[in-house]
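[1] no sequence on this one, just coordinates:
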Ligand SMILES: O=P(O)(O)OC[C@H]1O[C@H](O)[C@H](O)[C@@H](O)[C@@H]1O
């Protein structure tokens, strides 16, 4: 199967995208899919009908539908941790039974959702002005991203997100908060993460230093209720979730509490509904019409097929400024692995490097490389037809125009002859014309996709996040890897723990490599 992909890549690599539009008047329609509120256009890529067939066969060969059904059915597909993968149960608002080890998990899930609503409603009416979510990774990025994304719907207390163990993070946040009116949410699946526990202790000390009782000022979101209560948060203030919710897939449950506080329970449930609608689409649409499958196949084509090592996520929506960071964890922690589920080494590249910034800002920064650098960066544009500022519609029109202009420019490019003509018009001649013209050539034929939505509402955001989750799953299945573990983060954590006493000077650095000793020596000179 991978050989077929390689053959398609060899044939398709230099195929002119513009030429494909000229040859096929229906290309835009044939290579785009509309589902729910979303339009996914992948026509500005080198994928033709043959390549698409090859990619779909790859998905079929990986048994994608059976794997998908196993995930939704609660099978323990996270084999290296022996866990089911059921973040989808958190948005299963209809409560249809979802069985794990012979037990329906839905009554507990819906009960927790009701508890979240009660807590969120209480907080929203309590005079609390600032809510500080203390968490990192999957216990931070989702709600932090969505809080910004859904700013027009935020009518609750201000929310802040403290993640970094760097004191700067919590110090800068607390400076703007009133200890009498601040609530802390300690979000940690394991309730052992060093960054989160350090920040939580600092938050507690801050309240105490201001003479404010810590009673009722902390809520815990965790799978480890025992550790939360040991830390001093009573069980009625702990919202729990099971180990079958992976950290980076957890914003749909208790980890989303800060978002629920900000936008209200109804808004949060609209977000869940969007995710649930994408689940239904993923489970029922035929593969060629299936949005997550197509996004995944485009990803596989660009990375494993054509060898493009990165992909840029470019939302033309300032409120999606944290989406690239969110997707970095979702995609890179899920699919950045070299070993297949069966323990063998991958024979193709693992998932790509994901990066990006909102447009139009990125245009004035790194798009230079995207247009004229030696490496091709497949770009994933995203834009809403409508903004949230109807009185400023002209801004939004410019935003859309820029988004469309970039994908067109990447595809069309500018030939040397066109550049020469521009230079000639400026009055240049001879060698100088030639030299200047060469700098103004755009190679073009650079692929991009565009995801369009009517407006960034809670429901649409839910659709988009679930879409990307399932895309990651499909890519992982095709690669044969487990997208739900993250062993690659362990070694650094272990070493950081052992380095702590060396940094504080409580233990000698003997036995460490020369570089680490020298760096520790530098710190010692200043501390
Ligand atoms: O929620 P926690 O248990 O505190 O974990 C927070 C994060 O840290 C870990 O190192 C993992 O890499 C992440 O997947 C996780 O989201």
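    Alright, I've got the coordinates. What you see is a predicted model, and the numbers here were worked out from it, not measured in a lab. Numbers count the residues shown, from 1 in each chain.
[2] Quick check: residues of this structure near the ligand?
    136-139, 188-190, 193, 196, 247-248, 333, 486, 489 (CB under 6 Å from any ligand atom). C-betas here are computed from N, CA, C, even on glycine.
[3] Tell me the buried residues in the strand or helix carrying residue 500?
    Per DSSP states H and E: residue 500 is located in helix 490-503. Neighbour-count burial for helix 490-503 flags residue 502 (criterion: 16 or more other CB atoms under 10 Å).
[4] try stretch 82-90
    83, 84, 85, 86, 87, 88, 89, 90.
[5] Count the residues that sit near the closest residue to the fifth one other than its chain neighbours.
    The reference is to residue 87. For residue 87, ignoring the flanking residues on the chain, the nearest one in space by CB to CB, 6 or more residues apart in numbering is residue 249 at 3.7 Å. A count of neighbours around residue 249, defined by other CB atoms under 10 Å, yields 26.
[6] Correct me if wrong: residue 349 contacts residue 304.
    Yes. Using CB atoms under 8 Å, residue 349 is in contact with residue 304, at 5.5 Å.
[7] if you count what's nearby, which of these two comes out ahead?
    Higher neighbour count among residue 349 and residue 304: residue 304, with 24 against 15, using other CB under 10 Å.
[8] Tell me which stretches of the stretch 101-250 of the chain form helices.
    Using DSSP state H, counting those that start in this stretch, the helices of the stretch 101-250 of the chain run over residues 106-124, 141-149, 167-175, 194-209, 225-231.
[9] wait, I meant the stretch 351-500 of the chain
    Shown for the stretch 351-500 of the chain, the helices assigned by DSSP H, counting those that start in this stretch span residues 367-372, 393-412, 416-425, 430-439, 458-479, 490-503.
[10] where does the residue positioned nearest the centre of the chain fall, helix, sheet strand or coil?
    Central residue of the chain (CA atoms, centre = their mean): residue 327, 1.8 Å from the mean position. Assigned by DSSP: H, G, I helix; E, B strand; the rest coil, the conformation of residue 327 is helix.
[11] Is it correct that it is in contact with residue 468?
    Yes. Judged on CB under 8 Å, residue 327 makes contact with residue 468 at a distance of 6.1 Å.
[12] Tell me the buried residues in the longest helix along the chain?
    Counting residues, the longest helix found in the chain (DSSP state H) is helix 257-284. The neighbour-count check on helix 257-284 (16+ other CB under 10 Å) flags 257-265, 267-279, 281-282 as buried.
[13] tell me the mean pLDDT for it?
    What helix 257-284 shows for mean pLDDT is 98.
[14] Tell me the predicted confidence for whichever residue of the stretch 151-300 of the chain sits closest to the ligand.
    Proximity of the stretch 151-300 of the chain to the ligand (CB to the nearest ligand atom) peaks at residue 247, 2.8 Å away. We have a pLDDT of 98 for residue 247.
[15] thought it was touching residue 138?
    Yes. Assessed by CB under 8 Å, residue 247 is found in contact with residue 138 at 3.0 Å.
[16] and for these two, which residues touch both?
    Common contacts of residue 247 and residue 138, defined by CB atoms under 8 Å, 6 or more residues apart in numbering, comprise residue 189.
[17] any idea which of the helices of the stretch 101-250 of the chain is most buried?
    Stretch with highest mean neighbour count among the helices of the stretch 101-250 of the chain: helix 141-149 (a mean of 25; mean count of other CB atoms under 10 Å).
[18] what angle separates that helix from helix 458-479?
    Helix 141-149 and helix 458-479 meet at an angle of 140 degrees, taking axes from the mean of the first three to the mean of the last three CA atoms, to 10 degrees as the criterion.
[19] Not counting its own residues, what contacts helix 141-149?
    133, 154, 159, 161, 163, 187, 248, 250-251, 255-259, 262, 271, 317, 319-323, 325-326, 329, 456, 461, 465.
[20] Report how many residues lie close to residue 436.
    Neighbour tally, residue 436, other CB under 10 Å: 15.
[21] now the closest residue to it other than its chain neighbours: how far from residue 398?
    Spatial nearest neighbour of residue 436, chain neighbours left out: residue 423 (5.0 Å); criterion: CB to CB, 6+ apart. In this view, residue 423 and residue 398 are 29 Å apart by CB to CB, to the nearest Å.
[22] now residue 237
    Distance, residue 237 to residue 398, using CB to CB: 47 Å.
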